[in-house]
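**Q** Provide a 3D model corresponding to the input given below.
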Amino acid sequence: MKGTSRALWNYFICLVIFINLIFFSSLPSMFPAASRTTAATPAITELRGVWLTNVSSGVLFAPWGINRAIQRLSELNFNTVYPVVWNRGHTYYPSRVAQRVTGNSEEPFLTVTRGGSDVLAEIVKEGHRYGLSIIPWFEYGFIVPANSAIARKHPDWLTRSQQGKTLLVENKADEDFLKETKEKKPISLTQRLHSLRKQNSIQHVWLNPFHRDVQKFLNDLVIEVVMNYDVDGIQLDDHFGLPVELGYDPYTVKLYQKEHQGKKPPSNPRDPEWMRWRAAKITDCMAQLSKSIKTVKSDAKVSLSPNSHHFSYQNYLQDWKTWVERDLIDELVLQVYRDDLDKFKTELSQPAVEFARRKIPVSIAILTGTWNRPIAISQIEQQVKIVRDRKFSGVSFFYWETLWGYLTPDSPRQRRQVFQTLFTQRAERPKYI
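**A** Model (predicted):
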């Protein structure tokens, strides 16, 4: 009975949050449209992006959510939208590839709330009508929930640790939140809600990036979007890699032995050669994907939004510096989710970042908050200024609901006014070298 009561309470909390997100996203605009230049070509070149996500956000699910979001972003002179299309083992568009592999053509709740309409098609249509670039975001990469259909139907697709475990991990947002709240402070309502959420947090497993069937599945998903929608590119992020502890599944071990005269992988997951071998295989996977995209649509941009190179390689075997060097990506949007401004500045001057800037446009991803980690607009404004002072190609914000929602420290009106001041006129996206 106690477990049932807690489950009902958690369901009630989630329902209240969702209703509020839907309600507040529908409120009418309360500020004048930002001033816009009348010239056909904007005089400013700067990436101004935002991610549209399915987590703690009603924008994809409310019938009016997309139209109002695109219109609002256009009013404030944004120029790029990264809408999620692959998250938690589901697509957020009608997918024949997903139907074949998972049994669902798209996320079931999205189908219910939107009556089967094609949300991605709507985003592309509305975005282009308002002059915004649309770059679908394959957020989850190789990661899927442990109880997802794809994990159940294809257990041989999962990679494992040396102990034979699939290394279930907590939601990444929860991990980040816990790192930021180590100091003992009075427990707020938001933190209490976070604690309830954590009790039922989704555990994840990783698809094996070395498995040819996994590679084909993700390649088919991406190409399906590029072929069927008038998108401006696609984006991958920090999940297009592999935790360094993994890679000891039978498939990968056999592959390693084939290339190492029968020797098994080192028992130390951080063995330098073992790390290089796995990272190189992921790079090969990226190279094949990039080639497939360019073959189908040569002007489609391949965007990547990773963590710092050191963190990405040491923890997720994602050697994005090599990807830049080999011309596998066209755009880098570096995640720098730091509250400390000195640490924020330090991340911007890392050698790998400087190298990438000489090859392709590099923009900075700034956190505008999560439902359990609100960010003051003053910090966001400061970080945009730091990025501009260092002449990066632009900024992108994670995520839509916290740009000026009601779960933020400042009023929505105040936050919108700051963005209106930051983006006083239109800007075109950076040119690709």
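**Q** burial of Val119, as a residue count?
**A** Residues lying near Val119 (other CB atoms under 10 Å) number 25. Where you see a C-beta, it was placed from the backbone N, CA and C, and this is true even at glycine.
**Q** swap in Asp342?
**A** 7.
**Q** same question, Asp213
**A** Neighbour count for Asp213, taken as other CB under 10 Å: 13.
**Q** tell me what the helix or strand that contains it is packed against?
**A** Per DSSP states H and E, Asp213 falls inside helix 212-228. Identification of packing neighbours for helix 212-228 by 3 or more CB pairs under 8 Å, 6 or more residues apart in numbering; DSSP states H and E yields helix 96-102, strand 233-237, helix 272-296.
**Q** helix or strand next in line after the helix or strand harbouring Ile380, which one?
**A** Element membership for Ile380, per DSSP H and E: helix 377-389. Downstream of helix 377-389, the next assigned helix or strand under DSSP H and E is strand 394-398.
**Q** could you dump that next one to CSV, C-alpha only?
**A** Taking Å, rounded to 0.1, in the frame of the first residue of the first chain, the C-alpha atoms of strand 394-398 are listed here in CSV:
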residue,chain,number,x,y,z
GLY,A,394,27.3,32.2,-31.6
VAL,A,395,25.3,30.6,-28.8
SER,A,396,22.6,28.0,-28.3
PHE,A,397,20.4,27.6,-25.2
PHE,A,398,19.3,24.5,-23.4
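**Q** how far is that strand from where the chain is centred?
**A** Taking CA atoms, centre = their mean, to the nearest Å, one finds strand 394-398 lying 12 Å from the centre of the chain it belongs to.
**Q** now the helix holding Asp213 against helix 272-296, angle please.
**A** Angle, helix 212-228 to helix 272-296, by axes from the mean of the first three to the mean of the last three CA atoms, to 10 degrees: 30 degrees.
**Q** what angle sits between helix 212-228 and strand 233-237?
**A** 140 degrees.
**Q** which other residues reach helix 212-228?
**A** 85-86, 91, 93, 95-98, 101, 120, 136, 138, 141-142, 154, 157, 207-209, 231, 234, 285, 288-289, 292-293, 296-297, 300 (CB atoms under 8 Å, 6 or more residues apart in numbering).
**Q** so what's the residue count around Ser292?
**A** 14.
**Q** now it: how far from Val226?
**A** Computed with CB to CB, to the nearest Å, the distance linking Ser292 and Val226 is 8 Å.
**Q** so who does the residue nearest the centre of the chain touch?
**A** Nearest to the geometric centre of the chain sits Glu139, at 4.1 Å (CA atoms, centre = their mean). Going by CB under 8 Å, 6+ apart, Glu139 touches 53, 84, 86-87, 237, 239.
**Q** Val302 now?
**A** Per CB under 8 Å, 6+ apart, neighbours of Val302: 233-234, 236, 290, 293-294, 328-331.
**Q** just checking, Leu76 touches Val418?
**A** No: assessed by CB atoms under 8 Å, Leu76 is found out of contact with Val418, at 10.1 Å.
**Q** compare those two and say which is more crowded by neighbours.
**A** Using other CB under 10 Å, the more surrounded residue of Leu76 and Val418 is Leu76, with 20 against 17.
**Q** what about Lys291, how many neighbours?
**A** Count around Lys291 with other CB under 10 Å applied: 12.
**Q** whoops, Arg212 was the one
**A** Neighbour number of Arg212 under other CB under 10 Å is 11.
**Q** what is the neighbour count of the residue lying closest to Val362 once chain neighbours are set aside?
**A** The shortest distance from Val362 to any non-neighbouring residue, by CB to CB, 6 or more residues apart in numbering, is to Leu332 (4.6 Å). Residue crowding around Leu332 was assessed by other CB under 10 Å; the count is 26.
**Q** now for the helix or strand harbouring Leu332, which elements pack on it?
**A** Assigned by DSSP H and E, Leu332 belongs to strand 331-335. Packing partners of strand 331-335 (3+ CB pairs under 8 Å, 6+ apart): strand 47-52, strand 233-237, strand 301-305, strand 362-367.
**Q** put together TSV for those strands, with distance to Val324 on each row.
**A** Formatted as TSV, the helices and strands packed on strand 331-335 follow (distance: least, CB to CB, whole Å):
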stretch	distance to Val324
strand 47-52	16
strand 233-237	13
strand 301-305	9
strand 362-367	9
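**Q** turn the ones you listed into TSV, including mean pLDDT and distance to Arg373.
**A** Formatted as TSV, the helices and strands packed on strand 331-335 follow (pLDDT from 0 to 100; distance: least, CB to CB, whole Å):
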stretch	mean pLDDT	distance to Arg373
strand 47-52	98	15
strand 233-237	98	18
strand 301-305	98	18
strand 362-367	98	8
